[in-house]
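# Just the structure for this:
(chains A, B, C and D)
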Number of protein chains: 2
Amino acid sequence: MANKGCIIRLSRYRNALLRLKALNFVKVFSENLADSARVTAVQVRKDFSLFGISGNRRGGYLIEELIAKISAILGKDEVQRFVIVGIGNIGQALLHYPGFKKSEIEIVAGFDIDQNKHNRQAAVPILPLEELGNFVEKNKIRFGIISVPDSAAQETLQLMLQAGIKGILNFAPICLKEPQNCVVRNLSLETELENIIYFTVLAEKEETGK
Amino acid sequence: MANKGCIIRLSRYRNALLRLKALNFVKVFSENLADSARVTAVQVRKDFSLFGISGNRRGGYLIEELIAKISAILGKDEVQRFVIVGIGNIGQALLHYPGFKKSEIEIVAGFDIDQNKHNRQAAVPILPLEELGNFVEKNKIRFGIISVPDSAAQETLQLMLQAGIKGILNFAPICLKEPQNCVVRNLSLETELENIIYFTVLAEKEETGK
DNA sequence: AATAAATTGTGATAAATTTCACATTAAACA
DNA sequence: TGTTTAATGTGAAATTTATCACAATTTATT
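Here you go, the predicted model:
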């Protein structure tokens, strides 16, 4: 029913709504949300329609109400806890990324094979990889982030699956196969930058071509 | 003509091809690339067809040749240099992210308003934000990464535009408007994780629903 | 109370993207 | 050398996603 684009937009609407709420706004129009997410107003309303979210004809939407509804859809009625495997550059950064808090996302532990990185006392402890299974089971963790080198990505996936992880964001630049019973999203920074390079060069060509 | 999905797939094919080449493979079939990028073989051939890439009927594609062709499309015939504005968690991680090298991507400098972060001597220097314009102009930089808090994202965009940056990856969880003469891609980590949460919860519901 | 104006909500339409079906070609084999 | 087989390449069909057009409704105005 709802596609990935739609869910990404819902996240964006929500972010905008939280900001509006912080500024004490009460009502919002589809046009406003469209601006904030860089889409059309019809798209916003279509997205809402898909989830049975309705506003007041002529009167827009109540921000509080809208946040509550979108939050429920996105599973934000409770804090969602993640573990990270691979405490390198990216893993370390995500471990303490301040933006997660307002999204009801919590990184509860990191795991690595490198002894030097282990630290049980830290606010977000970094533990030996061997403890992943136990930790996930004991703490009922459902989500994980893979930020290991690509050569280790596949086996990290296996470990996470065995541990019972149900949703994974993979930063390794290798496209992991989505297994049964687990959602995997592959996000490679290289690929993102390459994408920008391509479309920038293309735009420049079009400009000079005209 | 080519859409974003297509370019992302080309990056993925290329990554897989580089690995195959490192293993001394010579030929590859659309089926192989499809596996590596988690798409269908027809999709691979359609993508190639779009760019006039052709192989040998019955004989697949020559890896070397394919890498060269895709690299040219993705602008990898030369190293592409990026600056990063905002040396916080994410910015710091990207500054030294080892995966960029093999993708012909180089981070040449970081910029921040915080004096304590400045370091001209570092391999990748971290400079005062005021120097962004000069640096970009002098070094003919075309690409930038925004990793500042969302409250500073919009003005950072303005600075980059004034400096002459033509392609931007924005990590701030605010959707920046794509200006004239500049490509902007908004990538928010929160949003990516929310996306995974949604589809994981959905899959679980479907499972129990059945 | 009647009319005008502004906004939502959605079926119908259009556009974009992917998949299908199959013609074409090259290699392998008999 | 002819036949079979296994791949590519691509127009057409199907599917997915976004846009359009406009009815429905609410609020504001006269």
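# how near is the closest residue to A:Glu131 other than its chain neighbours to A:Ile126?
Distances taken as C-beta to C-beta, 6 or more residues apart in numbering or on different chains put A:Phe111 closest to A:Glu131, at 7.1 Å, once the chain neighbours are dropped. C-beta: built from backbone N, CA, C; applies to glycine. The spacing between A:Phe111 and A:Ile126, counted by C-beta to C-beta, to the nearest Å, is 7 Å.
# Comparing these two, which residue is more hemmed in?
A:Phe111 (28 against 21; other C-beta atoms under 10 Å in any protein chain shown).
# Contacts only, for the more buried one.
A:83-87, A:126-129, A:131-132, A:135 (C-beta atoms under 8 Å, 6 or more residues apart in numbering or on different chains).
# What strands flank the helix or strand it falls within, and is each parallel or antiparallel?
Assigned by DSSP states H and E, A:Phe111 belongs to strand A:105-112. Neighbouring strands of strand A:105-112 in its sheet, by DSSP bridges, are strand A:80-85 (parallel), strand A:126-128 (parallel).
# Which among these is found nearest to A:Ala203?
strand A:80-85 (35.7 Å; C-beta to C-beta).
# The helix or strand just after the closest one: how far from the chain's middle?
The helix or strand immediately downstream of strand A:80-85 is helix A:89-95, counting by DSSP H and E. Chain-centre distance of helix A:89-95: 14 Å, with C-alpha atoms, centre = their mean, to the nearest Å.
# sorry, back to before: can I get the strands paired with strand A:105-112 in TSV with distance to A:Ser54 and mean pLDDT?
Shown next, in TSV, are those (distance: least, C-beta to C-beta, whole Å; pLDDT from 0 to 100):
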stretch	distance to A:Ser54	mean pLDDT
strand A:80-85	27	98
strand A:126-128	46	98
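# Quickly compare those strands and say which is most buried.
Most buried of those by mean neighbour count (mean count of other C-beta atoms under 10 Å in any protein chain shown) is strand A:80-85; its value is a mean of 23.
# Work out the gap between the longest helix seen in chain A and the centre of the chain.
Assignment by DSSP state H gives helix A:189-209 as the longest helix of chain A. On the basis of C-alpha atoms, centre = their mean, helix A:189-209 sits 25 Å off its chain's mean C-alpha point.
# which residues touch that helix?
With C-beta under 8 Å, 6+ apart as the criterion, helix A:189-209 contacts A:90, A:171, A:173, B:4, B:7-8, B:11-12, B:15, B:73-76, B:80, B:82, B:94, B:97, B:99-100, B:102-103, B:105, B:142-143, B:166-169, B:181-183, B:185, B:187.
# Repeat that for stretch A:138-150.
A:80-91, A:94, A:107-108, A:135-136, A:153, A:156-157, A:160, A:163-174, A:176, B:99, B:193, B:196-197, B:200.
# so the strand holding A:Phe111 versus helix B:189-209, what angle?
Between the axis of strand A:105-112 and that of helix B:189-209 there is an angle of 90 degrees, by axes from the mean of the first three to the mean of the last three C-alpha atoms, to 10 degrees.
# can you pull the buried residues of strand A:105-112?
Within strand A:105-112, the residues scored as buried using 16 or more other C-beta atoms under 10 Å in any protein chain shown are A:105, A:107-112.
# Stretch A:50-60 too?
For stretch A:50-60, by 16+ other C-beta under 10 Å, it's A:53, A:55, A:60.
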